[in-house]
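Peer 1: sequence and predicted structure below; questions after.
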Amino acid sequence: DAKTTQPTSMDCAEGRAANLPCNHSTISGNEYVYWYRQIHSQGPQYIIHGLKNNETNEMASLIITEDRKSSTLILPHATLRDTAVYYCIVRVAAGGTSYGKLTFGQGTILTVHP
Amino acid sequence: DTAVSQTPKYLVTQMGNDKSIKCEQNLGHDTMYWYKQDSKKFLKIMFSYNNKELIINETVPNRFSPKSPDKAHLNLHINSLELGDSAVYFCASSQKSSGNTIYFGEGSWLTVV
């Protein structure tokens, strides 16, 4: 699986949009971009994923650049409960020898403050 | 209802003991996993089972033995526990035919003393 690079930490004011960047310059054509987060003392929580088109769900939006070498996770109105470690992961969705494997990096510690 | 549930949530045990962590998923998924998060907070896959068959084994010591009695359960047995086994263990599941998004349980905190 391709490697990702994320900032170590970010701050965001409550109610503002949180934009979390991720670089994945070695991503392959069949690899998806996944975002998970881990709130303190909880299990990783799936947020969103995409291949090349921008995606939006009830939690967040995912913007993937045209060359697919980077992406941004957007939390449109951050709340204190969004404080967590956010992981950007690239992986093949199914099939191949990396089937099912999520390779977690260090992630970005997002702190939402009042 | 909890989608992926693990028991126990907390476990403190002595070196040399044998212990098990149970995992059940009610999502109807065909693939289950065990991940380990160490003291440095790195999350790493240990095992993956698809339809009760082992498909990923990430060079985990053979003291760790997963057992999948059916598609909804993947239990982790650990023999001869060592201090270095202290970690948080996460069970997870996914459905291969539905994009294979992986959903995690809440974790089991294992402390070996």
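Peer 2: Here it is on my side, so go on. Numbers count the residues shown, from 1 in each chain, chains lettered A, B, ... in the order given.

Peer 1: chain A contacts on chain B?
Peer 2: For chain B, the contact set with chain A under C-beta under 8 Å from any C-beta of the partner chain comprises B:4, B:31, B:33, B:35, B:41-45, B:48, B:50, B:55-56, B:90, B:92, B:94, B:96, B:99-107. No exception for glycine: its C-beta is placed from N, CA and C like everyone else's.

Peer 1: report the buried members of the residues you listed.
Peer 2: Buried members of these, counted by 16 or more other C-beta atoms under 10 Å in any protein chain shown: B:4, B:31, B:33, B:35, B:43, B:45, B:48, B:50, B:56, B:90, B:92, B:94, B:96, B:100-107.

Peer 1: ok, B:Glu106 touching B:Lys9?
Peer 2: Yes: contact criterion C-beta atoms under 8 Å: B:Glu106 and B:Lys9 qualify, at 6.9 Å.

Peer 1: chain B: strands as residue ranges?
Peer 2: With DSSP state E as the criterion, chain B has strands at B:4-7, B:10-13, B:19-25, B:31-37, B:43-50, B:53-57, B:64-70, B:73-78, B:87-94, B:103-104, B:108-112.

Peer 1: now those in CSV, with mean pLDDT?
Peer 2: Output for those, formatted as CSV (pLDDT from 0 to 100):
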stretch, mean pLDDT
strand B:4-7, 96
strand B:10-13, 97
strand B:19-25, 97
strand B:31-37, 93
strand B:43-50, 90
strand B:53-57, 83
strand B:64-70, 92
strand B:73-78, 96
strand B:87-94, 95
strand B:103-104, 94
strand B:108-112, 97
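
Peer 1: now the end-to-end length of stretch B:58-67.
Peer 2: One end of stretch B:58-67 to the other measures 16 Å (C-alpha to C-alpha, to the nearest Å).

Peer 1: how about stretch B:46-62?
Peer 2: 11 Å.

Peer 1: and if you look at stretch A:40-53?
Peer 2: By C-alpha to C-alpha, the extent of stretch A:40-53 from end to end equals 31 Å.

Peer 1: and stretch B:11-20, by the same measure?
Peer 2: 10 Å.

Peer 1: find the centremost residue of the chain, please.
Peer 2: In the absence of a named chain, this looks at chain A. Compute the mean C-alpha point of chain A, and by C-alpha atoms, centre = their mean the closest residue is A:Trp35, 3.0 Å away.

Peer 1: nope, chain B please
Peer 2: Note: chain B centre (C-alpha atoms, centre = their mean) maps to B:Trp34, 3.1 Å.

Peer 1: what's the spacing between that one and B:Phe104?
Peer 2: Counting by C-beta to C-beta, to the nearest Å, the separation of B:Trp34 from B:Phe104 is 11 Å.

Peer 1: shared neighbours of those two, anything?
Peer 2: Counting by C-beta atoms under 8 Å, 6 or more residues apart in numbering or on different chains, the residues touching both B:Trp34 and B:Phe104 are B:Phe90, B:Cys91, B:Ala92.

Peer 1: list just the nearest of those to B:Asn79.
Peer 2: Closest approach to B:Asn79 among the shared contacts of B:Trp34 and B:Phe104 (C-beta to C-beta): B:Cys91, at 18.8 Å.

Peer 1: how far away is the closest one from A:Tyr86?
Peer 2: 22 Å.

Peer 1: so for these two, which residue has more residues nearby?
Peer 2: B:Cys91 (29 against 23; other C-beta atoms under 10 Å in any protein chain shown).
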